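Participant: here is my input; please provide its structure:
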Amino acid sequence: MTPPEPETPNTQITPRRLAVWALPFLISLLVLAATFALNWQPWFGYASVIAGLLGSLMLASEGLGHKGG
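Facilitator: Got it, this is the predicted structure:
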């Protein structure tokens, strides 16, 4: 009896998938713009951009089959 084959994730990259992966970063840029428009502390906007980049990176890596843990 042979063990079942491990499931391979769908690694096909489509424009829709790229747009979903970019959403956290794009939203963070809006937060950065709002930070300066509302005259808040700049570190809040910079932190949101860093968080958006990390969120996009995590979505992309999980979409390509790399699980954290």
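Participant: near E62, how many other residues are there?
Facilitator: As a burial measure, E62 scores 13 neighbours (other Cβ atoms under 10 Å). For the C-beta atoms, the positions are set from N, CA and C on the backbone; glycine is no exception.
Participant: quickly find the element holding it.
Facilitator: Assigned by DSSP states H and E, E62 belongs to helix 42-63.
Participant: need the residues that contact that helix.
Facilitator: Identification of contacts with helix 42-63 by Cβ atoms under 8 Å, 6 or more residues apart in numbering yields 9, 17, 20-29, 31-36, 68.
Participant: and W21, how far from L32?
Facilitator: 19 Å (Cβ to Cβ, to the nearest Å).
Participant: and for L18?
Facilitator: 21 Å.
Participant: which of these two has more neighbours?
Facilitator: Higher neighbour count among L18 and L32: L32, with 18 against 11, using other Cβ under 10 Å.
Participant: mind checking pLDDT for that one?
Facilitator: With respect to pLDDT, L32 has a value of 97.
Participant: what's the nearest residue to it if we skip its chain neighbours?
Facilitator: Leaving aside its sequence neighbours, L32 sits nearest to G45 (Cβ to Cβ, 6 or more residues apart in numbering; 3.8 Å).
Participant: cheers, nothing more for now.
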